[in-house]
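Engineer: Task: produce atomic coordinates for the following.
(chains A and B)
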Amino acid sequence: MNLALAAIPGLPMLSATLLILFGRQIPRSLGAVLGAGSVGLSAVLVAGQLLAYLDTPTVVTATLWTWMSVADFSAAIAFHIDGLTVVMMSVITGVGFLIHVYSVEFMWEDESFSRYFAYMNLFVGSMLLLVMADNLLLLFLGWEGVGMCSYLLVGFWYKNPANGAAARKAFVVTRVGDALMALGLFVLFTDLGTLDIQPLLLAANLNWEVGGTVPVLATALLLGGAVGKSAQLPLHTWLPDAMAGPTPVSALIHAATMVTAGVYLVARLHGLFLLAPATLTAVAWVGLATLLLAASAALVQQDIKRILAYSTISQIGYMFLALGVGAFSFGIFHLMTHAFFKALLFLGAGAVSHCLHHELNIFRMGGLRTRLPVVFLSFLIGSAALAALPFTAGFYSKDGILLSAFTAPGIGPWLWAGGLLGALLTSIYSFRLLFVAFFGEAQTEPDRKPGLPMAIPLLILCALSLLGGLISQPLDGVLPDAGHPQVPHLIEWISIGVPLLGVAYAYYAYIVRRPSSSPAEAGGDSPVEGFLFAGWRVDALYNLLLVTPYRTLARWCQGEPIDHFYNGVVSLNRLCHRGLAALQTGELRWYATTFVIGLIAVVAIVLRSAP
Amino acid sequence: MSLSLLIFLPLLGGVAAWLAERVNPDLPRWISLLTCLLVLLVLTSSGLSALADPASSQWLLYSQTDWIPRFGISFELALDGFSLLLLVLTFVLGLIAVAASWSEVEERHGFFQANLLWTLAGVAGVFLAMDLILFFLFWEVMLVPMYLLIAIWGHENRGYAAMKFFIFTQVSGLLMLLAIVVLAWQGAALTGKLSFSYGDLLGLDLPPELAFWLMLGFFLAFTVKLPGFPFHTWLPDAHTQAPTAGSVLLAGILLKTGAYGLLRFTVPLFPEASQTLAPVAMLLGVAGIIYGALLAFAQTDFKRLVAYSSVSHMGFILLGVYAFNELALQGAVMQMVTHGVSTAALFMMAGALQHRLHTRDMRKMGGLWQQAPRMGACAMFFVLASLGLPGLGNFVAEFLVLLGLFAVAPWMTAAAAVGMVTAAIYALWLMQSAFQGQPDDDRQMADFGVREMTTMAVMMVALLWMGLYPQPILDLAAPAVQSVSNLLPANTLVAGVAP
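Structural biologist: Model (predicted):
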């Protein structure tokens, strides 16, 4: 049992090690088999776990070895597999495997093919550790591990310094969150004496008062980690830039899995968050603010990947909204359906750029509907699911979130209205993308069509994005059952109808009155558009407040100001030396004179002080 | 007598290496290599047998010979798990330093290897001596050959750097000597017997004010060596100018003698006085972490950047020692070992680059991954270790320090956690400027060969092992660490830093 469990993260990690050590010696085909095959094998093992859990929902645990044990602290390399873990593992290895297969074709011509698969495998392994960990320290290992892989993959094409900058930004911004999360772990350990998740939840229930200072502090710090990793306000700025990596990376890491780690963290520790209602409310507001900001920014982007990146931030905002109103299972449900349709959209975007000379600007596409039919189908289904049109997977999850938000006591209607506005924006930007890129006149002709390794994952994800809403997640007993929220019928109808309105508007604006010329490069003609295009200029604000001061300070200190003090001591010594050396003239007269003067002075002092 | 063997073997090996150059210029480095291996063999065999059958409850091995009985000075050596750990680190890094200097040194091979071995002998003495005068003697012994390594085989500004290193260490060492003499004198006044033995001087009932000043003498000597902020300014110069082997020894081991001194002498000899100083020491630690990281980011010289990263990492040791609980102290011990390995590797990287490119200026590098992917991968590994990636040893160290510290001084911990971010900034910047970016296609550069890859692989395996299964090291250090943490009531909130 231990071995089968350990093999789930172990196989991709082993493959990563082999690819790093021997990647340059082995042929590409073997690299592809190792890279995709190891994740495929993991997926098979996960399927075994899933079936076993569906059959009899029992928690499986396994301890591999004691990681460290000092005084009263100990942490093990140990796994805890329950319904939530099984869902997460299935998404990671299932979607992960499809993306790996897709990558074989997408990256085939890249000179660093094996390095790519090494990093991707390492990522899958770390992500699996993150969700399988039975203690927060191992979770943190996976947490930082996926951050490292994200850094390595965003900066994969290292020759372009802009990619390096994006990679560093991704790592450093999420590290701010990670530092907060580490502090959260310190609070938890100091107060409750353990970092093992299950005992921790028990101890918290026993020792913590609802709404006490420690619960709020601890969960707020954990939330800091979650907003960093999940690209929520105020630490969301790294994600749009992270699109510098290869597109399948964006599909796997920056859409389907890693960025949802924050959602997983809050859901996993929901027992703590329920004891801190203030933090939970903050989670909801963070989600709402983020989803509106990002959706509005997505409205005016021109780069297909940036549209999807802002869309991802926005959709994770919905997940946070769900968590914040206590609808944890809807949050995880949306996590899963989002993984399907957003991976589909990103892989579709990858297919477009793959066939279109690396073109990413949607205004230089056009007319792709007939030229790339499989990709068109993917975008049609993906956009419909993203906009939460009825009967798509995204509909079930997002509708659940909106209605649950409505039922939240006090602030419910506000959250619902905000979420609904977001849904309107979502349907507008997603169909704007579809209409501009796939309809109208062709601006660029594709030079090839996606082959089978790319087409098959797209089609499977199409099916999942349509039907994934029917999957029922085995979360009973792990997360509180949200049930079907009871709301007035009118609210239900409005929630369903608003996205359709958005599609209609997009149809009017981008098909009926199709703009004759593409907007300006900087993101539009009006200041409002420019403001939205720059993501509400949060980057500029951080540059002004943090980046520039840090750089300036570093430049000031470059020459080591503290050495001025020691140099001062040296100069003083030299001065004394010179002064004293000047006395030593070598002239007998000078010595005799000073000797006599000194003698007189001494005698005078002695006589004066004598009684 | 295995303990004195650990000191005399490298001492004699050094003499042999010096003389052997006349026979054949290739001979000295082989002698060095063999000497280090031989010492490691003696160390592990006697260490293992002593672990099974310790000499006393406190020491694994102990030996004492009269030296100057009239003044109560003796040749007293002792080994416990903590010093065993550091000695293994010393001679493993000694091997690595020999490997790093294999083809780098171009003149006076024999004398170079002699100085290298003598430095190791001095360090071994520092880690073993239990008589304070003997300790001071070794403290000085390790200084001279290191001075020569920098002054003779160093880079362009070696004279200045060597002198600065010497004066900083010497001045602070004299304060310690003064403190040692006064302490022994007080001991004689209290017990009626003049003795410089560590065992006799422990637990003396000193007047608090005197204890504070004596403690300060020790503290300054060790903090200068560590180096703690603001006594660190000798380090960037010395590291940058030293030959690669010198930098490896300096960063890997010599800095650890300062940390060792704090843990072994300053705190146990003056527990109450140390507690009084704790808030200040912690502040210096936090200041070092952030200031070191900031200055590391500001550098354009590869080696200087790594040097400042050491200042930042040593701040964690100050925090760990002065939190006075087992978690944080174990973290400090782990930091000594893991930083020794990761920084030695980065200095080797710097040396290898300088050897190939004849510059340390990162503005003249960039895109090196293209020409030397193996070097790039190694650099990435150690850079990630240095910024504290979980799974590698440095994380365990810094995590334990902060976890222990949080119970005592939460605000200090929060400030130190800023170091997690600033470390990422300089570490990734190093990677960017040297290995990423647009490669210069005209540049020809050889990648790592077998000798260099073997050395790197040893250090990578060590860091992975310490990151994923640090328990053996923690267990080895536990008795020494517990004896320090038991000196003071557990989890006392340090005055002035509690929230």
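Engineer: At which residues are the helices of the stretch 351-500 of chain A located?
Structural biologist: Assigned by DSSP state H, counting those that start in this stretch, the helices in the stretch 351-500 of chain A fall at A:368-371, A:373-386, A:393-407, A:412-438, A:452-467, A:489-507.
Engineer: Compare those helices and give me the one nearest chain B.
Structural biologist: Closest to chain B of those is helix A:452-467 (C-beta to the nearest C-beta; 26.5 Å). To be clear about C-beta, it is placed using only N, CA and C from the backbone, and glycine gets the same treatment.
Engineer: Next, the angle helix A:393-407 makes with that closest one.
Structural biologist: An angle of 40 degrees separates the directions of helix A:452-467 and helix A:393-407 when computed by axes from the mean of the first three to the mean of the last three C-alpha atoms, to 10 degrees.
Engineer: Low-confidence ranges, the stretch 201-350 of chain A, go.
Structural biologist: Low-confidence regions of the stretch 201-350 of chain A, defined by pLDDT under 70, are absent; no residue qualifies.
Engineer: Now do the helices in it.
Structural biologist: Listed in chain order, the helices found in the stretch 201-350 of chain A under DSSP H, counting those that start in this stretch are A:213-229, A:238-241, A:247-251, A:261-268, A:270-274, A:277-298, A:304-324, A:328-355.
Engineer: can you redo the helices of the stretch 351-500 of chain A as JSON lines with mean pLDDT?
Structural biologist: Written out in JSON lines, the entries for the helices of the stretch 351-500 of chain A read as follows (pLDDT from 0 to 100):
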{"stretch": "helix A:368-371", "mean pLDDT": "84"}
{"stretch": "helix A:373-386", "mean pLDDT": "91"}
{"stretch": "helix A:393-407", "mean pLDDT": "89"}
{"stretch": "helix A:412-438", "mean pLDDT": "91"}
{"stretch": "helix A:452-467", "mean pLDDT": "91"}
{"stretch": "helix A:489-507", "mean pLDDT": "89"}
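Engineer: thinking again about what came up before, will you turn the helices of the stretch 201-350 of chain A into CSV that also has mean neighbour count?
Structural biologist: Shown next, in CSV, are the helices of the stretch 201-350 of chain A (neighbours: other C-beta atoms under 10 Å in any protein chain shown):
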stretch, mean neighbour count
helix A:213-229, 24
helix A:238-241, 25
helix A:247-251, 29
helix A:261-268, 27
helix A:270-274, 22
helix A:277-298, 23
helix A:304-324, 29
helix A:328-355, 28
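Engineer: got the domain boundaries for the chain?
Structural biologist: Answering for chain A, as no chain was given. A:337-519, A:559-609 (automatic domain parsing).
Engineer: think we crossed wires, I meant chain B
Structural biologist: The record, using automatic domain parsing to delimit domains, assigns chain B the ranges B:1-164+B:228-256, B:292-490.
Engineer: Just give me how far the shortest one sits from the chain centre.
Structural biologist: Averaged C-alpha coordinates place domain B:1-164+B:228-256 at 11 Å from its chain's average position (C-alpha atoms, centre = their mean, to the nearest Å).
Engineer: is that domain anywhere near chain A?
Structural biologist: Yes - counting by C-beta under 8 Å from any C-beta of the partner chain, chain A is contacted by domain B:1-164+B:228-256 at B:230, B:232-233, B:236.
Engineer: what comes up buried for stretch B:243-261?
Structural biologist: With burial defined by 16 or more other C-beta atoms under 10 Å in any protein chain shown, the residues of stretch B:243-261 counted as buried are B:243-261.
Engineer: Now tabulate the domains of chain A in CSV and tack on distance to residue A:6.
Structural biologist: Written out in CSV, the entries for the domains of chain A read as follows (distance: least, C-beta to C-beta, whole Å):
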stretch, distance to residue A:6
domain A:337-519, 22
domain A:559-609, 49
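Engineer: Perfect, that will be all.
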